[in-house]
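Visitor: What follows is a predicted structure for the sequence shown.
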Amino acid sequence: MPINVKDAQFGAIGDGATNDSPAIQRAIDYAKTRSAPGSPATIYRVTVYFPAGYYYLASPINLTNTNGIWLTGDGGSYLNTIIFGSTGGAIFDFSGSSLSGCENFSFLTSDRNSRSTIGVLFALTNNGGLSCGIRHCYFEMNDTPSANGGFGSIGLLNIRSEEFFIHECLIRANTSVIFSYTRDLSETGTSFTVSSSFQTLSSGVGSMGVVDITGTSLQNYEKRQPAMVLLGTNSLNFQGYISRLTASAGTNETAILCVRYTVNLRILATIESFSRVLKAILGGFENNELKVVLANNTSPATELIDVTNCGVKGFTCQISLPNPTERNRLVMYHAPVGGGTQVANGYLNNSVITCTDITDNRNVISQNLLRRADNVQFNSDQAFEKKGGRIRQLFTSFIAIGQTPTGSTTAILRFSLASPTTINNTNGGSYRIWIDGVVEAGSYGTQAAATLSFQAQLLVTQSYNGLFSPTSVTVVILDRTTTNAAYVDIVGITVDVAFANGIGSVLLTPRTIGTSSGDPITYNGSAELQSNFLANDSVIFR
């Protein structure tokens with residue numbers, strides 16, 4: 001039978017005015033001492049039950065260094081069992097406890113002195129701290145930006161308490177959740193060392209992982225901190241919603257911050273208000289999966305994913321951008337190095353990046369990161385891949401190149417130049433382009449039609465001062481055929497490349513003969529591009 005905190009031997013009132021901390025602590029301490037009758041060594045645990053009410057806490061509840069303590073409120077997760085916190089820190093402290101947690105609580109920060117700044121704390125100590133969690137809980141912390149070293153109010157804070165879960169919760173705070181492999185959080189950019197009022201937390205760094213967060217909503221106050229901070233955290237699954245309640249103060253646009261080596265992260269979420277989905281810093285980012293809908297951003301010019309200085313391997317990313325005004329920005333970003341003249345420190349390998357709402361491939365990936373990419377497929381509106389140092393077109397190029405009898409010179413492929421925009425002594429490099437295509441004159445209903453298939457290679461070198469060599473072109477006519485040579489025949493083509501305004505354009509001119517006039521001439525083909533420059537690679541697009 002559960003222990004009721006309102007039983008006479010404990011004396012909780014639940015009226016929102018009386019300090020219920022001592023009474024609740026008596027109930028907790030009693031629950032820790034249960035044993036079988038006549039056998040003190042045979043311990044067992046009893047659920048501690050909180051009937052519906054408003055419980056005012058002037059000091060944190062000590063749930064530390066024990067096993068199997070479970071607290072349950074009355075009814076669902078919203079305004080049934082309400083915990084008013086004026087503890088100056090954590091409301092519930094589970095540090096060092098295993099197989100413990102709580103459900104059916106609403107955690108609110110009291111307007112009295114010493115407002116609580118952390119909802120629930122879980123942490124590893126020498127005694128333990130594994131296999132814990134919460135479910136059906138609601139957190140509404142205050143907007144207190146100076147608390148906790150600048151993290152502000154924190155909904156749930158977990159330091160190395162692994163095999164953890166959060167199920168069907170709503171968390172509102174300056175920083176909704178933090179998971180860390182160390183109590184020193186300064187590597188996140190915010191200087192704060194976590195401590196417990198009751199226990200000494202494990203020192204140094206360790207493991208933080210095996211976390212399941214499902215059916216949960218994280219809602220931050222203002223633009224000061226990410227909603228999810230992961231420091232040295234691995235094997236985390238999140239399914240839910242991430243947003244901001246207010247966004248007038250601060251400059252942070254990152255929803256999820258990953259610090260140090262991050263492996264086996266699974267994110268399935270709708271993210272609103274935040275502009276940047278994820279930022280990874282100070283380490284590797286390996287075998288992670290991201291499936292996100294992003295909308296209603298306050299600053300849509302920000303890139304979607306920032307992996308500056310990180311080694312990214314085995315990344316599967318799918319992002320949907322339903323609002324057209326939010327698509328004009330990079331999906332994968334690495335900050336320039338040396339003003340854009342030096343090689344990126346990070347890299348991207350063996351990955352699949354999908355954002356089919358992007359219609360201009362120049363917004364898919366920053367060119368310095370593409371330079372350090374290999375075996376990567378990019379599924380934009382104009383899909384392409386990079387393998388073996390070559391950029392290969394995966395989208396269909398069906399392009400009108402004029403009408404009979406002469407056709408017109410038409411760009412059949414464009415690519416961004418890989419050399420720096422500003423001319424300096426690192427501009428040297430080369431471009432090698434392969435074209436495999438078919439030129440057709442006539443259409444499905446014309447009097448006659450002609451077809452020519454060809455392959456072409458173009459090679460051009462650029463010197464350090466930005467000057468281009470003459471283009472070397474090789475064209476091989478593979479086959480040509482016509483149904484009526486007197487009416488229309490394609491007797492050849494010319495191919496060239498032109499450079500202007502930071503863009504290279506491959507130009508095709510058909511040569512036709514015959515009496516036909518006004519019939520369409522079209523090109524259908526694919527291309528590969530290999531560039532060799534110090535800092536950047538070229539992105540192909542229509």
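Guide: Cool, got the structure. Numbering: from 1, shown residues only.

Visitor: Give me the below-cutoff pLDDT ranges for the stretch 151-300 of the chain.
Guide: Within the stretch 151-300 of the chain, the segments meeting pLDDT under 70 span 298-299.

Visitor: I misspoke; the intended subject was the chain.
Guide: In the chain (pLDDT under 70), the answer is 35-36, 38-43, 77, 298-299.

Visitor: Can you give me the domain assignment for it?
Guide: According to the TED database, the chain comprises the domains 3-38+45-252, 283-388, 392-541.

Visitor: How far away from the center of its chain is the longest one?
Guide: Relative to its parent chain, domain 3-38+45-252 has a centroid offset of 25 Å by Cα atoms, centre = their mean, to the nearest Å.

Visitor: so what's Cys355 up against?
Guide: Residues near Cys355 by Cβ atoms under 8 Å, 6 or more residues apart in numbering: 304, 317-321, 331, 364, 379-380. (C-beta placed from N, C-alpha, C; glycine too.)

Visitor: just Pro405 next, same as before
Guide: Contacts for Pro405 (Cβ under 8 Å, 6+ apart) come out as 512-517.

Visitor: which two of the residues you listed lie the greatest distance from each other?
Guide: Within the contacts of Pro405, Ile513 and Ser517 form the most distant pair, 12.1 Å apart (Cβ to Cβ).

Visitor: Would you mind telling me which of the two has more residues around it?
Guide: Neighbour tally, Ile513 and Ser517, criterion other Cβ atoms under 10 Å: the higher count belongs to Ile513, 18 against 10.

Visitor: Could you identify which of the domains of the chain is most buried?
Guide: Highest mean neighbour count of these: domain 3-38+45-252, a mean of 21 (counted as mean count of other Cβ atoms under 10 Å).

Visitor: Report the separation between the two terminal residues of that one.
Guide: Domain 3-38+45-252 has its terminal residues 44 Å apart, counting by Cα to Cα, to the nearest Å.

Visitor: Stretch 508-523 too?
Guide: With Cα to Cα applied, stretch 508-523 spans 9 Å between its terminal residues.

Visitor: Distance from the chain centre to that stretch, please.
Guide: Centre-to-centre, stretch 508-523 and its host chain are 48 Å apart (Cα atoms, centre = their mean).

Visitor: can you check stretch 466-479 too?
Guide: Centroid displacement of stretch 466-479 relative to its chain, using Cα atoms, centre = their mean, is 41 Å.

Visitor: Stretch 335-355 now?
Guide: Distance of stretch 335-355 from its chain centroid, counting by Cα atoms, centre = their mean, is 16 Å.

Visitor: Phi, psi for Val488 please.
Guide: Backbone torsions of Val488, given as degrees, to the nearest 10, read phi -160, psi 140.

Visitor: scratch that, Ile477
Guide: phi -80, psi 110.

Visitor: Provide a list of residues in contact with it.
Guide: The neighbourhood of Ile477, defined by Cβ under 8 Å, 6+ apart, consists of 452-454, 492-493.

Visitor: Which members of the residues you listed are the farthest-apart pair?
Guide: Farthest pair in the contacts of Ile477, by Cβ to Cβ: Ser453 and Gly492, 12.3 Å.

Visitor: If we ignore the residues flanking it in sequence, what's nearest the residue of the chain most remote from its centre?
Guide: What lies farthest from the middle of the chain is Ala486; by Cα atoms, centre = their mean that is 59.8 Å. With Cβ to Cβ, 6 or more residues apart in numbering as the measure, Gly514 is the residue that lies nearest to Ala486, at 6.1 Å, once sequence neighbours are left out.
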